[in-house]
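# Need the 3D shape of this:
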Amino acid sequence: MDRTHAVVVGSTNWDTCMHLPHLPVPGETVAGGRLQAGIGGKGANQAVACHRGGADVHFISAVGDDQTGAGILAEFQTMGLAVSGIKTVPACPTGVACIFIDARGENCIGLTAGANARLTPQTIEQYRELITSAGVVLLQLEIPLETVMSVAQIAAGAGVPVVLNPAPARALPDELLAVVDILTPNRGEAAALAGLYTGSEPGLAAAAKTFLDKGVGRVLVTLGADGAVLFQPKAGAGQAPATQRFAARAVTAVDTTGAGDVFNGVFCAGLVRGLSCEQAIEEAMVAAALAVTREGAIASIPTREEILAFRT
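Now for the predicted structure:
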């Protein structure tokens with residue numbers, strides 16, 4: 001079977017971004033600056049990043065039967081992203097995210113799922129053949145967990161590599177972890193999922209080992225400006241995982257919104273194009289570094305040509 005396409009299954013939102021001097025604390029009102037709006041959602045961001053990273057991408061998602069949803073579908077088509085896998089849900093709003101961004105480019109996000117909550121395992125059955133013939137399947141956690149489970153099990157049953165970006169972090173069943181080939185948490189998500197302190201190198205390795213012990217093939221932890229670490233199991237019970245570090249490119253961050261999504265999408269694009277895991281990580285690091293020098297989520301995602309130019 002010619003597994004030359006990637007399948008991304010996840011959320012589509014409409015993002016409203018407000019730039020503030022600092023992030024508000026509970027009870028505080030912060031007078032802001034510029035307001036931006038555009039397509040977002042971890043699924044959408046990662047699908048577009050995978051597409052711009054040079055992969056043939058099929059995106060499975062859901063939008064509401066509203067003006068926002070129709071506008072999103074039209075914009076995806078303009079980008080060249082196929083929309084045949086995106087369900088329009090009647091009498092339901094499109095998902096919305098509200099994002100605050102401070103002067104350093106850090107952010108906090110609140111969201112309402114809208115149509116994303118209606119992306120069900122029954123919907124996924126329509127795309128079984130697309131999933132089982134993929135070169136890689138990329139998932140996140142802004143859609144129902146039972147849907148994530150369904151996709152992962154369908155893919156794993158056909159020998160398709162499953163990449164899970166466990167964001168937003170939530171408790172994951174062992175049956176899901178057992179079919180994940182590559183888990184891609186950031187430091188905070190690794191801590192939340194493992195229930196361990198990950199602020200030190202030994203703590204990070206201990207968290208990775210909990211996932212590896214549950215059947216995850218490899219754990220790739222993203223660390224922002226500190227790069228990324230790949231953990232792989234060693235032969236022999238109880239041994240600490242093998243560790244490989246990847247340095248981040250030194251850039252001045254303007255907006256970190258969606259940087260992790262860019263990393264995951266471009267990483268999977270590299271895998272489906274035939275790069276090794278390590279080569280795909282290197283390319284994803286470059287893409288994420290470029291993305292944080294720009295504002296917005298979708299708007300910040302670099303093309304493959306830009307990634308290659310930045311690497312040289």
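# And the helix or strand containing residue 111, what's buried?
Here residue 111 sits within strand 107-112, counting by DSSP states H and E. For strand 107-112, a neighbour-count test (16 or more other CB atoms under 10 Å) marks 107, 111 as buried. C-beta: built from backbone N, CA, C; applies to glycine.
# before we move on, what about stretch 38-55?
For stretch 38-55, the neighbour count (16+ other CB under 10 Å) marks 39-55 as buried.
# From those, which land in strands?
Residues of the buried residues of stretch 38-55 located in strands (DSSP state E): 39, 40.
# quick one: which of the buried residues of stretch 38-55 sit in helices?
42, 43, 44, 45, 46, 47, 48, 49, 50, 51, 52 (DSSP state H).
# Strands of the protein, start to end?
Here the chain has its strands, by DSSP E, at 5-9, 13-19, 35-40, 56-64, 86-89, 95-101, 107-112, 136-139, 162-164, 182-183, 218-222, 228-232, 242-246.
# Which of the ones you listed has the lowest mean pLDDT?
When the strands of the chain are compared on mean pLDDT, strand 107-112 scores lowest, with a mean of 88.
# Look up the closest residue to residue 114, ignoring the ones flanking it.
Counting by CB to CB, 6 or more residues apart in numbering, residue 114 lies nearest to residue 95, which is 3.8 Å off, once chain neighbours are set aside.
# ok, now how distant is residue 195 from residue 216?
Going from residue 195 to residue 216 by CB to CB, to the nearest Å gives 16 Å.
# Those two: which is more packed in?
Comparing residue 195 with residue 216 by other CB atoms under 10 Å, the one with more neighbours is residue 216, at 23 against 9.
# what about residue 272, how many residues close to it?
24.
# Please determine how far the closest residue to it other than its chain neighbours is located from residue 281.
Once flanking residues are discounted, residue 272 sits nearest to residue 135: 3.9 Å by CB to CB, 6+ apart. Here the criterion is CB to CB. By it, residue 135 lies 17 Å from residue 281.
# So which of these two has more stuff around it?
Between residue 135 and residue 281, counted using other CB under 10 Å, residue 281 has the larger neighbour count: 25 against 20.
# doesn't residue 275 make contact with the residue nearest to residue 272?
No. Residue 135 is beyond contact range of residue 275, at 11.3 Å (criterion: CB atoms under 8 Å).
# Tell me where the model's unsure across the stretch 151-300 of the chain.
Applying pLDDT under 70 to the stretch 151-300 of the chain flags the ranges 235-239.
# Helices along that one, start to end?
Counting by DSSP state H, counting those that start in this stretch, the stretch 151-300 of the chain has helices at residues 174-177, 187-194, 201-213, 259-272, 277-291.
# Deepest in the core, which of these is it.
Among the helices of the stretch 151-300 of the chain, the stretch with the highest mean neighbour count (mean count of other CB atoms under 10 Å) is helix 259-272, at a mean of 29.
# how far off strand 5-9 does that helix point, in degrees?
Here helix 259-272 points in a direction 150 degrees away from that of strand 5-9 (axes from the mean of the first three to the mean of the last three CA atoms, to 10 degrees).
# elements contacting helix 259-272?
Using 3 or more CB pairs under 8 Å, 6 or more residues apart in numbering; DSSP states H and E as the contact test, the elements touching helix 259-272 are strand 5-9, helix 42-52, strand 136-139, strand 162-164, strand 218-222, helix 277-291.
# want to try CSV for these, with distance to residue 15 as columns?
Output for the helices and strands packed on helix 259-272, formatted as CSV (distance: least, CB to CB, whole Å):
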stretch, distance to residue 15
strand 5-9, 17
helix 42-52, 9
strand 136-139, 20
strand 162-164, 22
strand 218-222, 20
helix 277-291, 14
